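[1] Okay, here's the prediction I keep looking at, along with the sequence it came from:
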Amino acid sequence: MLRQGEYLNGTYRLLEEIGSGGGGIVYKAYHERLQSYVVVKRMKEQVKGLLDGRAEVDVLKNLKHTYLPRVYDFLQIGGEIYTVMDFIPGQSLDKVLKQNRRIPRELLLRWMTQLAEALAYLHSQTPPVIHSDIKPSNIMVTPEENICLIDFNISLVFDHSIRTSSGISGGYSPPEQYPDFPTYQRLARPEGRQEDPGTASATDGIVAQIVGRGVDGSSDIYSLGASFYHLATGIRPGRDFDRIVPIDRCGTDLGEGLITILKKSMELRPEARYQDGGQLLYALQHIHELDSEYQRKQRRRKRRKLCLAVLFLSLVLALGGGFFLWQKEKDRTYNRMVEQAREYIEGRDYDRALALLKEAVGLRPKRIDAYECETLRLYRQGDHEACIRYGRDVLQNVSYRVGSESDKQKLGNIYYLLGNSYLEEEDPPDAEISLKTAIGQYGGNSLYYRDYAVALAKQGKSDEAESMLERAVELGLGEDSIYMVQGEIACAEGSYEEAKGYLSQAIAASADDSLRKRAVLLGDRVYRELGAAWLDEEIAFLEQEENRAGGAASSMEITERLADAYVRKAGSEEGRKDEYHKKALERFELLYENGYAARQTMENIAILREQTGDHEGTKDMLFEMTEQYPEDYRGYKRLAFLEADIQQTKDNADRDYQLFAEYYQKAQELYEGRETDQEMEMLAVMLQDLKDGNWL
């Protein structure tokens, strides 16, 4: 038994008992970290033993919809399993029914549409999430008079084999939810009203064929229809399906469309109903099409259109109707190209993606899809400078067309990717501008607000960042992202220990490689800020995260940070200098082998090879560096230092500094006009000393 005032998992403080039943006690609690109210409820017996290590846990925690409570957590306490969900303020529809309140048709239609949206979302999951217990007491009306569907049968998500043993809510459960026909007869007619086999009703014959099938999406449709039948008529549908008065005989003024939808929803045969929330939602959104007057007008309009179509077709053929077909085919080809390019990007095949996107832009230069996809390609490739250049060029110089909501979202995504590229380039002010513009284009994406909060935090605007984080949470931001932003804010405020804790939680909670990498890189920055005393813990942290990533491409930046940490360790512990130089060299060479042939990586490899005594390997890398970056002086600068070190190992009589002078001269030609480099000044002094000593 849980006690009032008790803390669960150090996060949820129990406030009061708000209900109880066969499933256990339900508590209102307070989420201390998010500073919001939640509901804690014991799960049914069937779920025990199914929770650990199941992907279904993530399915439920990732459910995010306006008209559903959010699932925060699953807790195992004293042999019992509890769920933690949003606390939904307001009152349930069964309490509304007790008030004998007449609900206007417009409000009924709005509520039913909202529930259909929620079911369409649940039924579209893989596998579909079946509520299985829709009834007025499980439908909340918020203070804003919106709907929230609560208390869905979580056990069905964990174990599909129990779909015929879920509970029955009399009047609201469909026939297939009963386990067998005798059980239905016993529950539907408890006082013994049973027909003889020879006089059994047609309804009983249908029910007998359906019971025991188990629930699916159409079962939720029946329960929703039965709940709204009750709301519309004030009459609770009975357990005995034979005695339910059809909605069109109840004298309700609902209009033909809504009556038709409710009748179809409450069909006894599952195949005669809407099959899932998506079908029901479509019917509600097109309810006017079910009115007989509308249908008569449509028939007349169709006849007129048919006549006009014949004339128009003749005209089109005469004028060359192939032009229209050609344009349509161009659009189909364009869509295929962009979709294929996205698949290539996901598979890290960036060159093939680029080729397709160039072709797509040539085909439809005014459509925004390919521009957004190319911005994504550059960002995923890690070329953030190029992403910024390309994105700005598109936004300033391309005459793209933005018409639909989908176009606006894609434009918002270009600004979002720009903002993230600015963050990667450590330019928070420009990131702030881009991310704010992204929100202006499309304000329904929690990730836009998340990264806007990060850009604000990096500039010390903690209060504004907190405000944006709250907005992101309202839009359903995941727990891992919440921890990550809190880590950014704590880091910006100099609370490094606190930041370290938040980032550890973000890494542990996240299944998103990209977000986990961001949290790891920020965590590494926190360790650096904490100072040299934390270097060993920093190395252990980076080694753990590199191992977790398993050498994936997404871990290469972590590998680079680890290599740098090894270099710092080598400089701080003389006795193990060679060991850590070798470890650092292994990591930098791994980066190089995986295509991260950045100039700095190549220079680091050369320096470490030289320090481990591999002069030939050092030369090879430096020559590659001068070939790949022919305008960069630093390859020749390193070659000059290497040559000087090689000559120092020889006897005086065997020394020849001519190559040293040539490398220095080439470096100097490329160095002219650049910012001061102390190493170049050192080489100039060395050259002069050699000349003064008659070595040259």
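    Sure thing, it's come through.
[2] Helices along the stretch 301-450 of the chain, start to end?
    Applying DSSP state H, counting those that start in this stretch to the stretch 301-450 of the chain gives helices spanning 322-346, 350-363, 369-380, 384-397, 405-424, 428-441, 446-458.
[3] Of all those, which one comes closest to residue 522?
    Comparison of the helices of the stretch 301-450 of the chain against residue 522 by Cβ to Cβ identifies helix 446-458 as nearest, at 9.2 Å. All C-beta spots, glycine's among them, are computed from the backbone N, C-alpha and C.
[4] Give me the contact list for the closest one.
    Applying Cβ atoms under 8 Å, 6 or more residues apart in numbering, the set of residues contacting helix 446-458 from outside is 412, 416, 419-420, 422-423, 428, 431-432, 435-436, 438-439, 442, 462, 464-466, 468-469, 471-473, 475-478, 481, 484-485, 488-489, 491-492.
[5] Show the buried residues in those residues.
    Using 16 or more other Cβ atoms under 10 Å as the burial test, those include 412, 416, 419-420, 422-423, 428, 431-432, 435-436, 438-439, 442, 462, 464-465, 468-469, 471-473, 475, 477-478, 481, 484-485, 488-489, 491-492 as buried.
[6] where does residue 251 land in three-state SS?
    Secondary structure, DSSP: H, G, I helix; E, B strand; the rest coil: residue 251 is coil.
[7] Please tell me how far it sits from residue 232.
    For residue 251, the distance to residue 232 under the criterion Cβ to Cβ, to the nearest Å works out to 11 Å.
[8] And residue 138, by the same measure?
    Relative to residue 232, residue 138 is positioned 18 Å away (Cβ to Cβ).
[9] quick one: which of the helices of the stretch 301-450 of the chain is nearest residue 287?
    Each of the helices of the stretch 301-450 of the chain was scored for nearness to residue 287 using Cβ to Cβ, and the closest is helix 405-424 (22.1 Å).
[10] Next, the angle helix 428-441 makes with that closest one.
    For helix 405-424 against helix 428-441, the angle by axes from the mean of the first three to the mean of the last three Cα atoms, to 10 degrees is 170 degrees.
[11] How far does helix 405-424 sit from its chain's centre?
    15 Å (Cα atoms, centre = their mean, to the nearest Å).
[12] and if you look at stretch 463-477?
    16 Å.
[13] Let me know the average pLDDT across that stretch.
    Model confidence over stretch 463-477 averages 93 on the pLDDT scale.
[14] next SSE after the helix or strand of the chain with the lowest mean pLDDT?
    Every helix and strand of the chain was ranked by mean pLDDT, DSSP states H and E. The lowest is helix 154-158, at a mean of 53. Next helix or strand after helix 154-158 toward the C-terminus (DSSP states H and E): helix 181-188.
[15] ok, and what's touching the following helix or strand past that next one?
    Where DSSP H and E defines the elements, the next helix or strand beyond helix 181-188 is helix 202-210. For helix 202-210, contacts defined as Cβ under 8 Å, 6+ apart pick out 174-176, 178, 181, 184, 195, 241-242, 268-270.
[16] Report the angle between helix 202-210 and helix 181-188.
    With the same axes, to 10 degrees as the basis, helix 202-210 and helix 181-188 are set at 130 degrees to each other.
[17] Backbone dihedrals for residue 140, both of them.
    Dihedral angles of residue 140 (phi, psi; degrees, to the nearest 10) stand at phi -100, psi 140.
[18] contacting residues around it?
    If you count contacts by Cβ under 8 Å, 6+ apart, residue 140 has them with 88, 90-93, 147-150.
[19] Generate a PyMOL selection restricted to the buried subset of those residues.
    Isolation of the buried members of those (16+ other Cβ under 10 Å) is achieved in PyMOL through the command below:
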select buried, resi 88+90+92+93+147+148+149+150
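[20] can you redo the contacts of residue 140 as JSON lines with pLDDT?
    Supplementary listing: the contacts of residue 140 in JSON lines, determined by pLDDT from 0 to 100:
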{"residue": "88", "pLDDT": "92"}
{"residue": "90", "pLDDT": "93"}
{"residue": "91", "pLDDT": "93"}
{"residue": "92", "pLDDT": "93"}
{"residue": "93", "pLDDT": "95"}
{"residue": "147", "pLDDT": "94"}
{"residue": "148", "pLDDT": "94"}
{"residue": "149", "pLDDT": "94"}
{"residue": "150", "pLDDT": "89"}
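[21] Among the contacts of residue 140, which lie within strands?
    Applying DSSP state E to the contacts of residue 140, the entries found in strands are 91-92, 147-149.
[22] and which of the residues you listed is nearest to residue 651?
    When the ones in strands among the contacts of residue 140 are ranked by distance to residue 651 (Cβ to Cβ), residue 148 comes first, at 86.6 Å.
[23] Ramachandran coordinates for residue 125?
    Backbone torsions for residue 125, taken as degrees, to the nearest 10, come to phi -70, psi 160.
[24] Among the ones in strands among the contacts of residue 140, pick out the one closest to residue 634, please.
    Within the ones in strands among the contacts of residue 140, proximity to residue 634 (Cβ to Cβ) peaks at residue 148, which comes in at 61.3 Å.
[25] Who does residue 12 form a beta bridge with?
    Beta-bridge pairing of residue 12, defined through DSSP bridges, involves residue 8, residue 31.
[26] so who does it touch?
    29-32, 38, 40, 73, 84.
[27] if I look at the spatially closest residue to residue 372 that is not a sequence neighbour, how far off is residue 481?
    Spatial nearest neighbour of residue 372, excluding adjacent residues (Cβ to Cβ, 6 or more residues apart in numbering): residue 410 at 4.1 Å. When distance is defined by Cβ to Cβ, residue 410 is 22 Å away from residue 481.
[28] Please apply the same query to residue 355.
    Counting by Cβ to Cβ, the gap from residue 355 to residue 481 is 34 Å.
[29] before we move on, what about residue 573?
    As it turns out, when the distance is counted by Cβ to Cβ, residue 573 lies 38 Å from residue 481.
[30] same check, this time on residue 429
    On the measure of Cβ to Cβ, residue 429 and residue 481 end up 22 Å apart.
[31] Residue 367 now?
    As defined by Cβ to Cβ, residue 367 lies at a distance of 31 Å from residue 481.
[32] Okay, now the unreliable bits of the stretch 101-250 of the chain?
    Low-confidence segments of the stretch 101-250 of the chain (pLDDT under 70): 152-167, 190-200.
[33] Please disregard the earlier target; I meant the stretch 501-650 of the chain.
    Per-residue confidence of the stretch 501-650 of the chain (counting by pLDDT under 70) places the weak regions at 550-554, 597.
[34] Recalculate using a threshold of 80.
    Within the stretch 501-650 of the chain, the ranges that satisfy pLDDT under 80 run 549-555, 595-598.
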